[in-house]
Each structure stands twice: as C-alpha cells, then as structure tokens.
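Peer 1: Here is a sequence with its predicted model. Questions after.
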Amino acid sequence: MSDRLIEEIASSWLTASNVVVFTGAGMSTESGLPDFRSAQGLWKQRPESLATMAAMRQMPDEFYFFYQWRIQRLWSVEPNVGHLALAELEAAGRVQHVITQNVDGLHHRAGSVHISELHGTLKTVSCLNCRTHYDSRQLLPQREGWEAEYQNGGYRHGSECVCLQCGGFLRPDVVLFGEALPEDAWQMAQAWSRKADLFVVIGSSLVVSPANYLPQIAVDAGAKLLIINQENTPLDHRATWTLRTKAAETLPVIARRIKKAGNGV
C-alpha cells in the first residue's frame, strides 16, 4: 500500500460529491466477530440450511441455537477502527451513504447514520404473530451451560424464544434464505449506487447476489470504484483501484490523509 496510491485515493475521495461505501463480512471479522462457517465441529447441520423458515418449523432447537450462538457473540464485540473511520468520514460529509451486507449493527454502533442494511439485522428479533420487536438479547437463554448442552445433545429451546406479549414465536430480523431483501433498503441502495461518483467496496467477495449488482450499477453510471478486500473479486477488472488489505488497517490511513488534505475537515 504505497503512499502515492493512498494520496491518489484520498485526492479523488475529496473531490467526489457522493461517496457510497459497500461493506461485507471482511469488515466484521476484524472486530473479532467469528465466522460461523469456520466453527469446526459445532454444527450438526450446515449453517446455511439453518437460516430458513423451514428449519425454524422443522428443527427449532437447531434453528434457535444457531441464532443464539451468533447473537451472543455479536454483543460481545465492538466496532473496529475501520467502522469508526467511516463514521468519522460521514460526520465530516465525506461519506454520503453506507450499504452493508452485514447484520451485526456495528456501523450503527460506530456512529454511522445513513445506512442500508440489505440483509436485515441481528440486533433485534420480532414476534411472528404480533410483530412486536425486541432487543435480540431477549432470545438468549438465561441458564448457564446452554452451549455445552448443545454439544452434548441435551439442548432444547425454551421460553426465551416466545413473545412476552402474545406467546408467539420470535425470529431474528434478518433475511433468511428464500426471503426477499427489505424493499426500502434495496431501493435506497440502488438509488445511492446510481448517484455515486465514488463507490467503495470493503471486505466483500462480491459473489452474493443481488447485492453484488450494486457496484456494477455505480460503475455503469460513471462512478470510480475502489475495492478494499484481501481476496480477488469478480469486479476487480472494473475497479479504478484495488487494495489487497484489511479494512481496519487501511481505512484509518485513508481517513487521516483525507482529513489532512482537506485542511482538518
């Protein structure tokens, strides 16, 4: 990551009118949020098969443990310096909108305001019957040792999975497999992608559709594309710049350079 390249990116960022940032899982893992797909030996089913309404109905113990495990870890981590750098840039008028594939709410907790959460959020759960929303920690068992119970085959979901208002079952407010993206978030994300003159992809492999169409929409409309990701992506050939680095290492460097070049903005 050369000084000259960072200078070039910062200069272009400063002259852009509409900077739109698109974040994926690589943004969250740097906060120490574990990737459930790498939890070797923990899951009795493929994690992808658990993120469905069919799983909730047909194997509720597996479904609820899967989300309880994720929710507990979500609330145990904090936004990283990359999240904080983006929030600082937004406050300075240097980021107009954040589009995220992540469901952890870390952008909100870092201080970003203008966000489209394409896949929903794990910060809340809601009742399937009366639609009452709760902080997602409502779904966590109050007893000790529930993770060990699961590994030993003795886990059963309990009253924490039931609505306090009507007794209906609770579900996480995320997009499950087979469900459409939230219409408002998707329309907002498309609109901002068309308006962007600088589109920044951070920590996304750009293989999950339809979200991966957004940077293509931006580039087709004339935006410059910056990709910050440790692995190659299918859109690298359309990017103005590609950085094979971690978001938490790179974003603070870019933010400092923008602040310096912008005379303390």
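Peer 2: Noted; the coordinates are in hand.
Peer 1: Please count neighbours and contacts with C-alpha atoms only from this point.
Peer 2: Will do.
Peer 1: Gln190 is in what secondary structure piece?
Peer 2: For Gln190, the host element (DSSP states H and E) is helix 183-195.
Peer 1: Show me what that helix is packed up against.
Peer 2: The helices and strands touching helix 183-195, judged by 3 or more C-alpha pairs under 8 Å, 6 or more residues apart in numbering; DSSP states H and E, are strand 115-117, helix 213-220.
Peer 1: mind putting these in a markdown table, mean pLDDT included?
Peer 2: What follows is the helices and strands packed on helix 183-195, written out as a markdown table (pLDDT from 0 to 100):
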| stretch | mean pLDDT |
| --- | --- |
| strand 115-117 | 98 |
| helix 213-220 | 98 |
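Peer 1: between these, which gets nearest to Lys260?
Peer 2: For Lys260, the closest of the helices and strands packed on helix 183-195 is strand 115-117, at 25.8 Å, according to C-alpha to C-alpha.
Peer 1: Mind giving me the packing neighbours of the closest one?
Peer 2: For strand 115-117, the elements it packs on are strand 97-100, helix 183-195, judged by 3+ C-alpha pairs under 8 Å, 6+ apart.
Peer 1: Output the helices and strands packed on helix 183-195 in a markdown table; the columns should cover mean neighbour count.
Peer 2: As requested, those are exported to a markdown table (neighbours: other C-alpha atoms under 10 Å):
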| stretch | mean neighbour count |
| --- | --- |
| strand 115-117 | 22 |
| helix 213-220 | 20 |
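Peer 1: For His108, see how far away Trp50 is.
Peer 2: Not quite, residue 50 is Leu, not Trp. As defined by C-alpha to C-alpha, to the nearest Å, Leu50 lies at a distance of 26 Å from His108.
Peer 1: Of those two, which one has the most company?
Peer 2: Legend: neighbour count by other C-alpha atoms under 10 Å for Leu50 and His108, higher for Leu50 (23 against 15).
Peer 1: Give the burial count for Glu179, as a bare number.
Peer 2: 11.
Peer 1: again, but for Leu176
Peer 2: Look at Leu176: counted by other C-alpha under 10 Å, it has 18 neighbours.
Peer 1: Validate this expectation: Val201 resides in a strand.
Peer 2: Yes - the assignment for Val201 (DSSP: H, G, I helix; E, B strand; the rest coil) places it in a strand.
Peer 1: Tell me the first helix or strand C-terminal of the helix or strand bottoming out on mean pLDDT in the chain.
Peer 2: Using mean pLDDT, DSSP states H and E, the weakest-scoring helix or strand in the chain turns out to be helix 47-50, at a mean of 83. Along the chain past helix 47-50, the next helix or strand (assigned with DSSP H and E) turns out to be helix 53-58.
Peer 1: tell me what the next helix or strand after that following helix is packed against?
Peer 2: Sequence-wise, the next helix or strand beyond helix 53-58 is helix 60-74, with elements assigned using DSSP H and E. For helix 60-74, the helices and strands in contact under the criterion 3+ C-alpha pairs under 8 Å, 6+ apart are helix 47-50, helix 53-58, strand 120-127.
Peer 1: Show me the shaky parts of the stretch 151-265 of the chain.
Peer 2: 263-265 (pLDDT under 70).
Peer 1: so Cys130 is in which element?
Peer 2: Assigned by DSSP H and E, Cys130 belongs to neither a helix nor a strand.
Peer 1: Looks like it contacts Cys166 (just checking).
Peer 2: Yes - taking C-alpha atoms under 8 Å as the contact criterion, Cys130 and Cys166 are neighbours in contact, 6.9 Å apart.
Peer 1: dump the residue contacts of Tyr150.
Peer 2: For Tyr150, the contacting residues are Phe65, Arg156, taking C-alpha atoms under 8 Å, 6 or more residues apart in numbering as the criterion.
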